[in-house]
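[1] Prediction below, plus the sequence it came from.
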Amino acid sequence: MRPQPGAGSPSYCEPCRAGTYCPDPGHTGQPNIQGKPCRASYQCPEGSVTETLCVAGSYCGPQTGTPTPCPGGYLCPEGSHTYSTPKQMCPFPYYCPANISAMLPCDGGFMPVNVSGRRDSRERSCLRCEAGTYRPGVATELRCMTCPPGYHCPAGTETYLRNPCSAGYYCPPGSPLPVPCPPGTYGKSSHAKHLGDCYPCPAGTFNHLFSQMACFPCGSSSFSLAGSASCTCLGLNRAFQQSDGSCVCMAGFIFFNELDQKSSTSDSDLDCQPEVNERCGSGEVRLAWSRECVPPTGHICNLTCGQEGGTLNVELGM
């Protein structure tokens with residue numbers, strides 16, 4: 001355009017100012033002495049030939065060169081001339097961040113909540129589902145729903161199908177985490193729903209741990225009833241060893257095997273009897289490992305301590 005006469009070349013023409021537009025004179029038959037004002041709902045950057053609908057996510061008042069971003073909590077579809085009409089307020093159950101043209105639903109694992117003021121962010125408008133509940137991303141139900149049996153739902157769960165109850169556990173309705181099968185039982189299948197899905201260990205087996213998928217066998221020197229967390233030794237004064245299923249003498253007891261050899265740590269179904277130690281003489285010390293009585297000053301520790309030797313501790317017998 002050029003508001004003054006006397007131009008000698010096109011370089012004397014100025015770009016149409018922002019907020020106005022200058023139509024092609026070849027179409028209008030009129031020279032552009034000054035730009036035409038851009039109407040509301042349209043945008044006209046500097047040098048515009050025509051009006052352009054205001055970009056979505058913004059609004060354009062009269063003579064707009066650069067659109068104004070739509071504030072949070074409102075909707076501005078393409079061609080908006082303002083943001084504050086009743087129809088442009090972001091409604092429940094959606095939220096509308098700034099510079100947006102479409103309503104956003106709460107993500108999966110969140111539910112919409114009523115708030116005072118504008119619904120301008122997910123943090124204000126959506127609440128994370130509590131542990132033991134879930135809500136799909138695309139759902140007609142607005143509230144978080146109870147996690148069904150056989151599944152567990154940590155906080156913020158979108159779909160329970162990703163969290164099946166593993167074997168060795170059970171999941172009642174509303175489970176935030178799987179519940180382990182207790183000692184004396186085992187869980188053999190996934191998707192267990194209640195404690196009854198944890199089966200008692202059969203007779204002759206035991207389970208001393210939580211969340212097991214099978215039970216451990218008792219050894220030949222022990223037995224158990226159904227649902228046992230340990231086995232009972234056949235021999236008296238014996239202690240069952242959960243690590244390997246053996247039965248060894250309790251502390252202070254020994255037994256003699258078929259060869260009349262003394263032992264306290266061997267597995268057997270024979271009874272153990274109290275160990276009787278000889279009375280140590282005056283000034284003697286009982287060795288912890290052999291129960292022998294020795295004089296502390298004359299005892300050589302090389303066998304235990306190596307060539308460097310050592311000193312016998314009279315209190316510990318070592």
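    Good, I have the coordinates. Numbering: from 1, shown residues only.
[2] Tell me who's in contact with residue 72.
    The neighbours of residue 72, taking C-beta atoms under 8 Å, 6 or more residues apart in numbering as the test, are 96, 97, 98, 118, 120, 121. Every C-beta, even on glycine, is put in place using the N, C-alpha and C of the backbone.
[3] is it true that the fourth one lies in a strand?
    Put plainly, it is residue 118. No - residue state for residue 118 (DSSP: H, G, I helix; E, B strand; the rest coil) corresponds to coil; a strand is not indicated.
[4] That one contacts residue 75, correct?
    No - contact between residue 118 and residue 75 fails when scored by C-beta atoms under 8 Å: they sit 11.5 Å apart.
[5] More neighbours: which of those two?
    Shown here are residue 118 and residue 75; by other C-beta atoms under 10 Å, residue 75 has more neighbours (21 against 16).
[6] isn't that one right next to residue 99, touching?
    No - in this structure, residue 75 is not within contact of residue 99 by C-beta under 8 Å, at 10.9 Å.
[7] Contacts only, for residue 42.
    Counting by C-beta under 8 Å, 6+ apart, residue 42 makes contact with 51, 52, 53, 54, 60, 64, 79.
[8] Just put those residues in CSV and tack on distance to residue 227, neighbour count and secondary structure.
    Listed next are the contacts of residue 42 as CSV, based on distance: C-beta to C-beta, whole Å; neighbours: other C-beta atoms under 10 Å; DSSP: H, G, I helix; E, B strand; the rest coil:
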residue, distance to residue 227, neighbour count, secondary structure
51, 83, 19, coil
52, 79, 16, strand
53, 76, 13, strand
54, 75, 24, coil
60, 77, 28, coil
64, 79, 23, coil
79, 74, 16, coil
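[9] Please convert those residues to CSV, extending it with pLDDT and distance to residue 112.
    Formatted as CSV, those follow (pLDDT from 0 to 100; distance: C-beta to C-beta, whole Å):
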residue, pLDDT, distance to residue 112
51, 95, 38
52, 96, 35
53, 97, 31
54, 97, 29
60, 97, 31
64, 96, 34
79, 96, 28
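[10] Not counting sequence-adjacent ones, nearest residue to the residue positioned nearest the centre of the chain?
    Centroid-nearest residue in the chain: residue 154, 6.6 Å away (criterion: C-alpha atoms, centre = their mean). The shortest distance from residue 154 to any non-neighbouring residue, by C-beta to C-beta, 6 or more residues apart in numbering, is to residue 131 (5.7 Å).
[11] Can you tell me the element the closest residue to residue 78 other than its chain neighbours falls in?
    Spatial nearest neighbour of residue 78, chain neighbours left out: residue 56 (4.3 Å); criterion: C-beta to C-beta, 6+ apart. In this assignment (DSSP states H and E), residue 56 forms part of neither any helix nor any strand.
[12] So what's the residue count around residue 56?
    By other C-beta under 10 Å, 17 other residues sit near residue 56.
[13] Tell me which residues touch the residue nearest to the centre of the chain, please.
    131, 163, 176, 177.
[14] ok, which pair from the residues you listed is furthest apart?
    131 and 163 (11.2 Å; C-beta to C-beta).
[15] Now do the shared contacts for residue 118 and residue 75.
    Common neighbours of residue 118 and residue 75, counting by C-beta under 8 Å, 6+ apart, are 89, 90.
[16] so where do the strands sit in the stretch 1-150 of the chain?
    20-21, 36-37, 42-43, 52-53, 58-59, 68-69, 110-112, 126-128, 133-134, 145-146 (DSSP state E, counting those that start in this stretch).
[17] what is the mean pLDDT for the fifth one?
    Translated: strand 58-59. Average pLDDT, strand 58-59: 97.
[18] Could you spell out the sheet neighbours of it, each with its direction?
    strand 68-69 (antiparallel) (DSSP bridges).
[19] List the residue ranges of the chain that fall below the pLDDT cut-off.
    Scanning the chain with the threshold set as pLDDT under 70 gives 1-12, 260, 288-290, 298-309, 313-318.
[20] Helices along the stretch 201-318 of the chain, start to end?
    Along the stretch 201-318 of the chain, counting by DSSP state H, counting those that start in this stretch, helices occupy 302-305.
[21] quick one: the strands in it?
    Going by DSSP E, counting those that start in this stretch, the stretch 201-318 of the chain shows strands at 205-206, 216-217, 222-223, 232-233, 238-240, 247-249, 253-256, 262-263, 273-274, 285-286, 293-294.
[22] count of residues packed around residue 293?
    16.
[23] Perfect, I'm done here.
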